[in-house]
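1. Just the structure for this:
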Amino acid sequence: MASSRRIGILTGGGDVPGLNSVIKSVVYKSTELGWEVLGIRRGWEGLTHLRPGPEPDPDYVVALDRRNTRHIDRTGGTVLHTSRTNPARIAHKKLPPHIPAARLAALQVGEGVYDFTPIVLENLERLQISCLIVIGGDDTLGYAKKLDAAGFPLLAIPKTMDNDVPGTEYCIGFSTAITRAKELITRQRTTLGSHERIGVFRIFGRDSGFTALYTAYVTSARCVIPEHPFDLDRLAQLLVEDKRNNPSRYALVIASEGAVWQGQPLAEIGEPDPYGHRRKADIGYALAEEIRRRTGEETLSSDLTYDLRSGEADSLDQLVAITFANVAMDLLHQNIRGRMVALQDGKYTHAPLPDSQAGPRKIDVQKLYNPERFRPHYSDKLGAPMLLAQVTG
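-> Numbers count the residues shown, from 1 in each chain. Here you go, the predicted structure:
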């Protein structure tokens, strides 16, 4: 184990607004505490594909200081770049070319699959990193738990627009996703009204419907979510009624990408990613076509997904990102490791690292969603945290 006062930091999985605020805040606080910071580029790939040599591989390692991070919080994305690499399951076609064949044989755990955890640990030691700060969703943090079990000190910060990491009520990127979705839907209402159509807005949420539900909450819209297969005929009927009763003659529904209607699960397409996920077929297009076929109404499908993760963070995401980073540094200073920074009951705290086998956090349908009306519940919120859903909910 390295004994230097050097922190490593990486971002994994999909990018979200607010990541650069975390990186900058970690660097600034580290400077106060007398720690160096190395940025690991391209997520976990930076620790699996790092080339050997007397100096750190510039493709995968960058020294971070106040000067080169001063402006990064003013833009979205991640200056460290990212990937969906899973070091425990590296496919043969993704292997780095510099690893000897004999070593690869020892790392093989299945046909064409390799566990690079020993390589990751060796690279962390070679870089003299004594604690790693990992920013990611449940997949990225699931591997962090494996690394923690292997004995390496680390701290985790949750980020994902799906807001579905277990153990926290909030993940960086969630507020910006809702803010941006609200803006996009509000703008597109004029087009829906001009053409008197029913709009279907596809939004993030493969396994959990937080992004769709909370967007529906602030736009007064209907939504369908993965936690509850929906009755398509009932939804179509309500949308036709909405359109008829609207002076602008349009209606809309927000669909989580993982939502399905009763008796008709969406197909999964493409090759699985390193964490075993395949892409869902486009629920927005499929739902719009079915509504048109069943009602005769003109429909319009609009995919909002990648618009939600681009650009700068909103104020809440930036506030949480800065605070999560400083809480992580406080834990580091207190010699606390193997934990994830979290929000619980509206308060900053820390929680166990997410267990990848437990799956993502889910919406409590009974408390937060009306499946008959396809709407959020707005009542009975006294005593609820600001973000409405407790970790246990």
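
2. okay, now the domains of this protein?
-> Per automatic domain parsing, the structural domains of the chain span 6-172+311-358, 176-308+363-376.

3. mind putting those in JSON lines, mean neighbour count, mean pLDDT and distance to Gly383 included?
-> No exception for glycine: its C-beta is placed from N, CA and C like everyone else's. Shown next, in JSON lines, are the domains of the chain (neighbours: other CB atoms under 10 Å; pLDDT from 0 to 100; distance: least, CB to CB, whole Å):
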{"stretch": "domain 6-172+311-358", "mean neighbour count": "20", "mean pLDDT": "96", "distance to Gly383": "10"}
{"stretch": "domain 176-308+363-376", "mean neighbour count": "19", "mean pLDDT": "92", "distance to Gly383": "12"}
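
4. Distance to Ala389 added to those domains, as JSON lines?
-> Listed next are these as JSON lines, based on distance: least, CB to CB, whole Å:
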{"stretch": "domain 6-172+311-358", "distance to Ala389": "6"}
{"stretch": "domain 176-308+363-376", "distance to Ala389": "6"}
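
5. Apart from its neighbours in sequence, what residue is nearest the one residue sitting closest to the centre of the chain?
-> What sits nearest the mean C-alpha location of the chain, by CA atoms, centre = their mean, is Thr160, with 2.0 Å. What sits nearest to Thr160 in space, not counting adjacent residues and going by CB to CB, 6 or more residues apart in numbering, is Gly137, at 3.7 Å.

6. Show me what the top helix by length along the chain is packed against.
-> Criterion DSSP state H: the longest helix present in the chain is helix 174-195. Counting contacts by 3 or more CB pairs under 8 Å, 6 or more residues apart in numbering; DSSP states H and E, helix 174-195 is packed against strand 198-203, helix 210-219, strand 251-256, strand 299-303, helix 315-333.

7. Report the contact partners of the residue nearest to the centre of the chain.
-> Residues in contact with Thr160 (CB atoms under 8 Å, 6 or more residues apart in numbering) are 13-14, 16, 136-138, 171-174.

8. Helices - which of those residues land there?
-> Mapping those onto helices (DSSP H) picks out 138, 174.

9. how close does Ala101 sit to Leu95?
-> Distance of Ala101 to Leu95, given as CB to CB, to the nearest Å: 10 Å.

10. Kindly report the same for Ala313.
-> Distance, Ala313 to Leu95, using CB to CB: 35 Å.

11. and what of Arg337?
-> From Arg337 to Leu95 the distance is 30 Å (CB to CB).

12. can you check Arg189 too?
-> Here Arg189 is placed at a distance of 49 Å from Leu95 (CB to CB).

13. Quick check: the gap between the residue lying closest to Gly76 once chain neighbours are set aside and Val320.
-> With CB to CB, 6+ apart as the criterion, Gly76 has its nearest non-adjacent residue at 4.3 Å, and that residue is Pro17. Relative to Val320, Pro17 is positioned 11 Å away (CB to CB).

14. repeat for Ser194
-> Distance from Ser194 to Val320, by CB to CB: 38 Å.

15. follow-up on the earlier one: please determine how far the residue nearest to Gly76 is located from Ala221.
-> Taking CB to CB as the measure, Pro17 falls 23 Å from Ala221.

16. now swap in Glu55 and tell me
-> Between Glu55 and Ala221 the computed distance is 54 Å (CB to CB).

17. List the contacts of Thr299.
-> Thr299 makes contact with 197-200, 288-289, 291-292 under the criterion CB under 8 Å, 6+ apart.

18. cool, and Leu47?
-> Contacts for Leu47 (CB under 8 Å, 6+ apart) come out as 10, 40, 60, 87, 119-120, 123-124.

19. Throw these into TSV and include secondary structure and distance to Ala212, thanks.
-> TSV is the format used below for the contacts of Leu47 (DSSP: H, G, I helix; E, B strand; the rest coil; distance: CB to CB, whole Å):
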residue	secondary structure	distance to Ala212
Leu10	strand	29
Ile40	strand	33
Tyr60	coil	36
Pro87	coil	32
Ile119	helix	39
Val120	helix	35
Asn123	helix	39
Leu124	helix	38
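
20. Out of the residues you listed, flag the one nearest to Pro229.
-> Nearest to Pro229 among the contacts of Leu47: Pro87, at 35.0 Å, using CB to CB.

21. Nearest spatial neighbour of Leu308, chain-adjacent residues omitted?
-> Leu308 sits nearest to Ala177 (CB to CB, 6+ apart), 4.2 Å away.

22. Quick check: the one you found touching Phe210?
-> No - between Ala177 and Phe210 there is no contact under CB atoms under 8 Å: 9.3 Å.

23. where do the strands sit along the stretch 51-200 of the chain?
-> 61-64, 90-91, 108-110, 113-114, 131-136, 154-158, 198-203 (DSSP state E, counting those that start in this stretch).

24. Any idea which of those gets closest to Val27?
-> strand 61-64 (4.9 Å).

25. how far away is Ala281 from Ile363?
-> 22 Å.

26. just Asn68 next, same as before
-> Using CB to CB, Asn68 is found at 40 Å from Ile363.

27. One more: Ser310?
-> Counting by CB to CB, the gap from Ser310 to Ile363 is 25 Å.

28. Tabulate the strands of the stretch 51-200 of the chain (TSV), appending distance to Pro247.
-> Shown next, in TSV, are the strands of the stretch 51-200 of the chain (distance: least, CB to CB, whole Å):
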stretch	distance to Pro247
strand 61-64	55
strand 90-91	55
strand 108-110	60
strand 113-114	58
strand 131-136	46
strand 154-158	43
strand 198-203	16
